[in-house]
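K.L.:
pasting the structure only:
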Ligand code: PLP
């Protein structure tokens, strides 16, 4: 084990949050871009990976690689153990009651599509309703639109206010006896808003509707407890929470997963196959057809260990300090307007600058070594809500610090100089 890995394991024992030490665990952050130190402010698109995750994945390939659930040989048994250990880590991370409630998928997008095409297709009828919010990512909109086209169900949308907070009274009004599913994001990828999930679940359950939470942007920042939230489904992506791409999780209540039809057919999701009849496997395997992303799951498990070692509360407190610093610094930039000013939010700062297109902002900042995201952020209906085609977005991670924000503000001054 490297020093950096063992450093992770002892980090929570040290007083305070040593962001410089955290940064050293992310080798990519040490590089220069166009001769300038990298300032990475695009963690909401994808987070950087700590050495502990990279090493866990290379260790798997170097020492343990074999297909899972199939072989009787040593390596296959070992790979299966590691893969299933990763599932247990996810169970702990989400505080799920049963390990069978954890389905490995490609990411949040696949998790939402899985629920729409299995639970949704089996349960929804003409005239039923799916309720989402106005701040959803396309991956929590389009799968429901497809389901509505297939079933005759109707998509309804709960509005938000100008600060980017859900209008709970409106949401309550929109949940009725025909509402079968409420699908909302825990945290907005554009506004940073943290939604009141427990309350939304209460309102939905009171009308007999099931609730799916898109946790893609919550998992890296918040302590997640699916039992305390009371949700029926929870989706997340490994790559947003310091793990690799191509792996994500669908949490589903056991009784729902048991009753749901399978998603894709293939190896591993069956108990027996004949040309006359196939008997499906039990969850979670029923939903994991084909060779899974074993190394991805192991990397995700290492990311969960990494988050636990830092401490979700310590990360959140640190990110809130940098967020407050950033909000103040950006508010002082002439002509800058922040989009998304909810009282409860994570470190996602969307903004527009008077008279300058967000893509120009992103391109000029890039030459300064500063990585931000520009565009519609896969949330075009939300952009329309604010009367915008695009924004610039700086987003924070556990390694972000005040110097990153100072660099951003200095970069924005250069952007404004170019357009003066
Ligand atoms: N939901 C939200 C809120 C997101 O921010 C994203 C990704 O940006 C997704 C869903 C989709 O995640 P993925 O592309 O990892 O499936």
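P.N.:
Looks like it came in fine. Everything numeric here is computed off the predicted structure, so don't read it as measured data. Residues are numbered from 1 along each chain as shown.

K.L.:
Just give the nearest non-adjacent residue to residue 318, would you?
P.N.:
residue 17 (4.5 Å; Cβ to Cβ, 6 or more residues apart in numbering). Placement of C-beta: from N, CA and C, glycine included.

K.L.:
The one you found: what's it in contact with?
P.N.:
Residue 17 makes contacts with 310, 314-315, 317-318, as judged by Cβ atoms under 8 Å, 6 or more residues apart in numbering.

K.L.:
Drop anything exposed from these.
P.N.:
310, 314-315, 318 (16 or more other Cβ atoms under 10 Å).

K.L.:
before we move on, the earlier item: quick one: the residue nearest to residue 318 is in a strand?
P.N.:
No. When classified by DSSP: H, G, I helix; E, B strand; the rest coil, residue 17 is found to be coil rather than part of a strand.

K.L.:
That one and residue 219, how far apart?
P.N.:
Computed with Cβ to Cβ, to the nearest Å, the distance linking residue 17 and residue 219 is 19 Å.

K.L.:
repeat for residue 257
P.N.:
From residue 257 across to residue 219, the span is 20 Å (Cβ to Cβ).

K.L.:
More neighbours: which of these two?
P.N.:
Between residue 257 and residue 219, residue 219 has the larger neighbour count (other Cβ atoms under 10 Å), namely 29 against 24.

K.L.:
Torsion angles phi and psi at that one?
P.N.:
With angles defined as degrees, to the nearest 10, residue 219 sits at phi -50, psi -40.

K.L.:
Quick one: residues contacting residue 111.
P.N.:
Residue 111 neighbours (Cβ under 8 Å, 6+ apart): 103, 105, 233, 235-236, 248-250.

K.L.:
wait, does the helix or strand hosting it contact the ligand?
P.N.:
Taking DSSP states H and E as the definition, residue 111 sits inside helix 108-115. Yes. Using Cβ under 6 Å from any ligand atom, we find that helix 108-115 touches the ligand at 108-109.

K.L.:
Let me know how buried residue 265 is, in neighbour terms.
P.N.:
12.

K.L.:
what does residue 228 give?
P.N.:
For residue 228, using other Cβ under 10 Å, the count is 12.

K.L.:
swap in residue 245?
P.N.:
16.

K.L.:
repeat for the one 4 residues further on
P.N.:
Using other Cβ under 10 Å, residue 249 is surrounded by 31 other residues.

K.L.:
ok, so what distance separates the residue lying closest to residue 45 once chain neighbours are set aside from residue 262?
P.N.:
Leaving aside its sequence neighbours, residue 45 sits nearest to residue 373 (Cβ to Cβ, 6+ apart; 5.2 Å). Here residue 373 is placed at a distance of 36 Å from residue 262 (Cβ to Cβ).

K.L.:
Same drill for the two, tell me which one is more crowded.
P.N.:
residue 373 (23 against 19).

K.L.:
In contact with residue 235, which residues?
P.N.:
Residue 235 sits next to 105, 108, 111-112, 115, 212-216, 248-251 when contact means Cβ under 8 Å, 6+ apart.

K.L.:
next one: residue 104
P.N.:
Contacts of residue 104 by Cβ under 8 Å, 6+ apart are 87, 247-249, 284, 288, 292-293, 296-297.

K.L.:
How about residue 68?
P.N.:
Counting by Cβ under 8 Å, 6+ apart, the residues that residue 68 touches are 76, 79-80, 83, 291-292, 294.

K.L.:
one more time with 6 Å
P.N.:
Applying Cβ atoms under 6 Å, 6 or more residues apart in numbering, we find residue 68 in contact with 79-80, 83, 294.

K.L.:
about what we covered before: could I get the pLDDT score of the residue nearest to residue 318?
P.N.:
Looking at residue 17, its pLDDT reads 96.

K.L.:
Kindly list the main-chain dihedrals of it?
P.N.:
Dihedral angles for residue 17 - degrees, to the nearest 10 - are phi -120, psi 110.

K.L.:
coming back round to it: from residue 133, how far out is the residue nearest to residue 45?
P.N.:
21 Å.

K.L.:
what's the neighbour count on the one residue in the stretch 251-400 of the chain that gets nearest to the ligand?
P.N.:
The nearest approach of the stretch 251-400 of the chain to the ligand comes at residue 378, 5.9 Å away (Cβ to the nearest ligand atom). By the criterion of other Cβ under 10 Å, residue 378 has 17 neighbours.

K.L.:
Pretty sure it sits in a strand.
P.N.:
No. Per three-state DSSP, residue 378 lies outside any strand segment and is coil.

K.L.:
just checking, it touches residue 138?
P.N.:
Yes. Counting by Cβ atoms under 6 Å, residue 378 does reach residue 138; the two are 4.4 Å apart.

K.L.:
Can you tell me what sits against the strand or helix carrying residue 417?
P.N.:
Assigned by DSSP H and E, residue 417 belongs to helix 402-418. Helix 402-418 is contacted from outside by 39, 325-326, 329, 333, 361, 364-365, 368, 370, 394, using Cβ under 6 Å, 6+ apart.

K.L.:
Now flag whichever of these is closest to residue 53.
P.N.:
Nearest to residue 53 among the contacts of helix 402-418: residue 39, at 21.6 Å, using Cβ to Cβ.
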